[in-house]
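> need coordinates for the below:
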Amino acid sequence: MARFVVEKNSLTVTSPDKIKGTHDSAIGNFGIPQYGGSMAGNVVYPKDNQKGCKEFDEFGISFKSKPGALPTIVLLDRGNCFFALKVWNAQKAGASAVLVADDIEEKLITMDTPEEDGSSAKYIENITIPSALIEKSFGEKLKNAISGGEMVNVNLDWREAVPHPDDRVEYELWTNSNDECGVKCDMLMEFVKDFKGAAQILEKGLDIKKIERCMGDPDADSENPVLKEEQDAQVGKGSRGDVTILPTLVVNNRQYRGKLEKGAVMKAICSGFEETTEPAVCLSSDVETNECLENNGGCWRDKTANITACKDTFRGRVCECPLVDGVQFKGDGYTTCEASGPGRCKINNGGCWHEARNGHAFSACSDNGEVKCQCPAGFKGDGVKNCEDIDECKEKKACQCPECSCKNTWGSYDCSCSGDLLYIRDHDTCISKTASQEGRSAWAAFWVILVGLVVAAAGAYLVYKYRIRSYMDSEIRAIMAQYMPLDSQAEVVNHVNDERA
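A predicted model of the protein is given here:
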C-alpha cells in the first residue's frame, strides 16, 4: 500500500503571548524553501482577496516591508484556485513567504503544482519564496489575533527539515525516463545541466571504478542488483515515504520539496551535513550568508591578533575558541578565549602585558602550561593590562648595606659601593676588593697543593705496583725452578734416586 509522507518544517509563534507555541507546517512543493535556515516575520491577513486567487494590485494591497522592518508573511485561505497561484500573487505583491490555512480539519497535505499547462508553467517556475500549509484550527487562531489588532510574529524554521547526523550526505534524484514529458521535464533537464558542476564537487574523491563495479554491466541479460535496490527504495520504509511525485530529490531519506533549481537544491543538500563539517562549496556566498561578517557573529574576537571564535556554518555560525599555529584557545567562545599550553606566548604574547624600552623587553606571559599572566620580577600589576616598575631603592627591597648606593632602573636596579668595596648582589653586601684578591690567591694556592698531592700519590701508586709485580715474578720463577729445569739452567742430578737404585 502506497504511503506518502508529508515533509514538514517548524513554525513558532513568538507573539502575542496568548498564542505562543510551535506548530508543524507542510512545505509547499514549489518555490524555494530556506533549507538549513529560518525566517522571522510579521503575519498579515489581507482584508480583501483573502484566498489570493486574484492579483493584489487590483485591491491596492502591498506586502512590501518597510526598511528595517521584519519580512511580511502573508496568511491566505485555501480554496477556489491552485496553491501555486496564491503564492505567486502574494509574491508579486511583495510577500516574503506565504502560509495557507486549510479549510477543513484534516492531517496536513503537501501543496503541489497543478497539472501542467501553458498558463501555470509561466508563474510556477518564477516562484522564489517559500510557502507552507497549516491546519485550519491554527489558522483561525492567527486570524483572530490579527483581527483583534495584535502584532503576530512567527519564525519559520527549516533547519531540521533534513536530518544531519554526520559529515556525509546521501542524495538521490528520481525522475521519469521520458525526457519530453512537459514543463516539469524541461525544468528537470535544465536543473541536471546546471547542477552537474556542483555535483562533481560534492562527489569529489569517490572511486569511479568502485561505482562501476557496484553498478555491474547494464547490458547484461541478468538482474541488476543496484537497479533492484533502487526499485525497492521507491517504496518508503521507516520515516521515508514512497516516491510518488516525479521528479523527486531525496536527501538523507527525506524528500525535497520546492523548485528544482541549483541554489535551492544545494541548500537542501548542504543542510544534511553535520554543522562545521560542510564542504567549502556549501559556504560560498551564493548558497549562504556568512554571519561572522556582521558584528563577528556575536563571538569573541581579538582585534590586535585578528583572531576570532566565530566559525561560519551553513546553518549560521558557531562560537568555538580557535586553534592557531598549534596553540589551542580555551573559553566559552562568546566572551573569552585564552591561549593555553606551550607556545601560547607566541600569539599576541598570550594576551598578557609586554613592553620594551631601551633594548630591554619584559613580558608577563610564561610558557609553563598555565593560562595565567604574571608580572615578571621587578614589576607589579595585574599582568594583563599593566605591569609597573618596582622602585627597589625607594621600597628598600635591595642595596641596603651601609656602604651601598642604590639607583633604580626600569625593571631592575643598580647598586654600587663606596671606596674600593665590591658589591655582591646575591648577598646584598659590599666586600673589600683586596680581601677578595687575597681570597682568590689563597684558593689558587690551595688548588696547586691539592693537585700536587694527587700527582704524587698517583706516582707512588705506580712505583708500588711495579715493585710488587717484579717481586712476585721472581718468587714464581724460584718456585718453578725447584720442580722443573728452566732453559737457562743445567740439568740437576737427582742423588736420592741413584742411591735407591
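> where along the stretch 401-501 of the chain do the strands fall?
Listed in chain order, the strands of the stretch 401-501 of the chain (DSSP state E, counting those that start in this stretch) span 404-409, 412-417, 421-424, 429-432.
> identify the residues contacting the second one?
Outside strand 412-417, the residues that touch it by CB atoms under 8 Å, 6 or more residues apart in numbering are 378, 392-393, 398-399, 401, 403-407, 423, 425, 428, 430. Backbone N, C-alpha and C define where each C-beta goes, glycine included.
> how about these, which pair is most distant?
Comparing all pairs in the contacts of strand 412-417 by CB to CB, the longest separation belongs to 378 and 403, at 23.3 Å.
> who's more crowded, those two?
residue 378 (19 against 13; other CB atoms under 10 Å).
> tell me the contacts of the closest residue to the more buried one other than its chain neighbours?
Sequence neighbours aside, residue 411 is the residue nearest to residue 378 in space, at 4.2 Å (criterion: CB to CB, 6 or more residues apart in numbering). By CB under 8 Å, 6+ apart, the contact set of residue 411 is 360, 362, 376, 378-379, 389.
> now with 10 Å?
355, 357, 360-362, 375-379, 387, 389-390 (CB atoms under 10 Å, 6 or more residues apart in numbering).
> again, but for residue 273
Counting by CB under 10 Å, 6+ apart, the residues that residue 273 touches are 36, 162, 164-169, 252, 279, 282, 313-315.
> among the residues you listed, which one has the most neighbours?
Neighbour max across those (other CB under 10 Å) = residue 36, 28 neighbours.
> tell me the pLDDT of the residue nearest to it when sequence neighbours are not counted.
Counting by CB to CB, 6+ apart, the nearest residue to residue 36 once its immediate chain neighbours are dropped is residue 271, at 3.1 Å. For residue 271, the pLDDT comes out at 90.
> distance of residue 271 relative to residue 58?
38 Å (CB to CB, to the nearest Å).
> show me which of these two is the more surrounded one.
Taking neighbours as other CB under 10 Å, residue 271 and residue 58 compare with residue 271 leading, 29 against 10.
> so the closest residue to residue 201 other than its chain neighbours: helix, strand or coil?
The shortest distance from residue 201 to any residue other than its chain neighbours is 4.9 Å, reached at residue 281 (CB to CB, 6+ apart). With DSSP: H, G, I helix; E, B strand; the rest coil as the basis, residue 281 sits in helix.
> count of neighbours near residue 281?
Count around residue 281 with other CB under 10 Å applied: 16.
> do residue 423 as well
So residue 423, with other CB under 10 Å, has 18 neighbours.
> next one, pLDDT for it please.
Value listed for residue 423 in the pLDDT field: 84.
> residue 414 versus that one, what's the distance?
9 Å.
> overlap in contacts, those two.
With CB under 10 Å, 6+ apart as the test, residue 423 and residue 414 both reach 399, 405.
> residue contacts, residue 17?
Counted by CB under 10 Å, 6+ apart, residue 17 has contacts residue 150.
> that one and residue 152, how far apart?
In terms of CB to CB, residue 17 sits 11 Å off from residue 152.
> same question, residue 192
41 Å.
> of these two, which one has the most company?
Neighbour count, other CB under 10 Å: between residue 192 and residue 152, residue 152 has more, with 23 against 15.
> which one is that one nearest to, not counting chain neighbours?
residue 43 (4.3 Å).
> isn't the one you found up against residue 147?
No. Look at residue 43 against residue 147 with CB atoms under 10 Å: they stay out of range, at 11.8 Å.
> more neighbours: these two, which one.
residue 43 (21 against 10).
> given the host helix or strand of the more buried one, what are its sheet partners and their directions?
Element membership of residue 43, judged by DSSP states H and E, is strand 38-44. Sheet pairing for strand 38-44, assigned by DSSP bridges, gives strand 72-77 (parallel), strand 153-157 (antiparallel).
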